[in-house]
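**Q** After the sequence you'll find the predicted model.
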Amino acid sequence: MNSRKRNAMQVMQQNKACVNRIIRALPPPFLRQATPYTLADFHPNVKTACANENQLLNVTLKVAKVVILGDVGTGKTSLVNRFVNQSFSNNYKATIGVDFEVERFDVLDMPFNLQIWDTAGQERFRCIASSYYRGAHAVVLVCDVTNLSTLTHAAQWLQDAQDANPGTQHDMMVMLVVNKRDMVNDTMFGIVEVKARQMCLSLGAEYWAVSAKTGECVEDFFRRLAALVFNAAVIAEVGSEIKQPAIKIGDGLMCDANGNANREAKKSGCSDNNSKCG
Ligand SMILES: Nc1nc2c(ncn2[C@@H]2O[C@H](COP(=O)(O)OP(=O)(O)OP(=O)(O)O)[C@@H](O)[C@H]2O)c(=O)[nH]1
């Protein structure tokens, strides 16, 4: 990382998120039938943790890493440029190794930085790029709507990312993005979409179709990605088990919301993890 980027990162962390980086409800998927992430909103424990600043201060979450992978020329850099700089260029300039951007969000009023790692699709840079896959919270597989082989190669790109993250404690989120939507008519797009959704099913990925050139769905895609990654990362910290408030029902007995009675630990002088307790 060069010092310019490092400084930019520090400034980002201090600055407030701009208005279109503020997320208060979970943004919807591209198609409800084409995602494994079917939650309707943020997990209740995530909402509770974010509403309770003290609880979130203990959470070691400030940044999440996303890697953008895919064949050469599918438009990975263009996608990131469209989102980060709201710009597009028709000129192709190969990514050498990797590049990255940091985007500052406010999710449920909590500051959250998304590190977006744009990797090289060219075979000769693959070795350098793959060393940056480690620790990814999400993988974005980018395909070109005009080139079906880029879709079939998505499986190999995902495999590479998984190989770089063996035995990760968190599951990596997987998104499959068909780019260059502006280049095909609806009939052609329909044919590609069927194949892309089949690929998503087999990879366990969420499906998106976008155009980095026109900007169609790019903002929606990254907002959804940031929100899902944030949700998963907070859950990894605070747990997904919903704690029901206990209700006292008399003489040391507590009852959980499902009506199961337990002896109150303090009064009986023991706890679940106290091995002296018979
Ligand atoms: N029409 C159209 N062209 C696009 C779109 N996205 C990217 N391109 C063009 O596709 C070419 C490749 O785009 P890049 O963003 O450089 O592709 P890349 O995947 O980053 O390429 P590598 O860095 O070599 O892996 C460029 O000429 C872009 O202008 C799009 O949505 N529509």
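**A** Everything's here; your move. Numbers count the residues shown, from 1 in each chain.

**Q** how about stretch 130-140 against the ligand, any contact?
**A** No. Applying Cβ under 6 Å from any ligand atom, one finds stretch 130-140 out of contact with the ligand, separated by at least 11.2 Å. Any C-beta I mention is one placed from the backbone N, CA and C, and that applies to glycine too.

**Q** what's the answer for stretch 214-234, then?
**A** No. Stretch 214-234 lies apart from the ligand when judged by Cβ under 6 Å from any ligand atom; the minimum separation is 7.1 Å.

**Q** chain center to the longest helix anywhere in the chain: distance?
**A** Counting residues, the longest helix in the chain under DSSP state H turns out to be helix 218-238. Chain-centre distance of helix 218-238: 5 Å, with Cα atoms, centre = their mean, to the nearest Å.

**Q** Please name every helix or strand in contact with that helix.
**A** Applying 3 or more Cβ pairs under 8 Å, 6 or more residues apart in numbering; DSSP states H and E, one finds that helix 218-238 makes contact with strand 22-23, helix 44-51, strand 63-69, helix 76-85, strand 98-107, strand 110-119, strand 138-144, strand 173-179.

**Q** report the angle between the axes of that helix and helix 44-51?
**A** 90 degrees (axes from the mean of the first three to the mean of the last three Cα atoms, to 10 degrees).

**Q** Pull out the buried positions in helix 218-238.
**A** Judged by neighbour count using 16 or more other Cβ atoms under 10 Å, the buried positions of helix 218-238 are 218-219, 221-236, 238.

**Q** picking up where we left off before, out of the helices and strands packed on helix 218-238, the one nearest residue 129 is which?
**A** Among the helices and strands packed on helix 218-238, strand 110-119 comes nearest to residue 129, with 4.0 Å by Cβ to Cβ.

**Q** Can I get the helix or strand that the closest one is followed by in PDB, CA atoms only?
**A** As assigned by DSSP states H and E, the chain's next helix or strand after strand 110-119 is helix 126-130. Only the C-alpha atoms of helix 126-130 are listed here, as PDB (Å, rounded to 0.1, in the frame of the first residue of the first chain):
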ATOM      1  CA  ARG A 126      -2.700 -14.200 -11.200                       C
ATOM      2  CA  CYS A 127       0.000 -15.300  -8.800                       C
ATOM      3  CA  ILE A 128       0.400 -11.800  -7.500                       C
ATOM      4  CA  ALA A 129      -3.300 -11.100  -7.300                       C
ATOM      5  CA  SER A 130      -4.200 -14.400  -5.500                       C
END
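
**Q** If you count neighbours, what's buried in helix 126-130?
**A** 126, 129-130.

**Q** Hmm, which of those is lowest in pLDDT?
**A** Across the buried residues of helix 126-130, the member with the lowest pLDDT is residue 129, scoring 77.

**Q** Rank the helices and strands of this protein by mean pLDDT and give me the bottom one.
**A** The least trusted helix or strand in the chain, going by mean pLDDT, DSSP states H and E, turns out to be helix 265-268, with a mean of 35.

**Q** what about stretch 108-124, average pLDDT?
**A** 92.

**Q** Buried residues, it. List them.
**A** Of the residues in stretch 108-124, 108, 110-121 count as buried by neighbour count, 16+ other Cβ under 10 Å.

**Q** likewise stretch 204-216?
**A** In terms of neighbour count (16+ other Cβ under 10 Å), stretch 204-216 has its buried residues at 205-213.

**Q** Write out the residues of this protein neighbouring the ligand.
**A** Checking the chain against the ligand by Cβ under 6 Å from any ligand atom, the hits are 70, 72-78, 89-90, 92, 94-95, 120-122, 179-180, 182-183, 211-213.

**Q** how does it look with 5 Å?
**A** 72-78, 90, 92, 94-95, 121, 180, 183, 211-213 (Cβ under 5 Å from any ligand atom).

**Q** out of the residues you listed, which are buried?
**A** For the residues of the chain next to the ligand, buried by 16+ other Cβ under 10 Å: 73-78, 95, 121, 180, 211-213.

**Q** with these in mind, which one is nearest to residue 20?
**A** Residue 20 lies nearest to residue 212 out of those, by Cβ to Cβ, at 17.0 Å.
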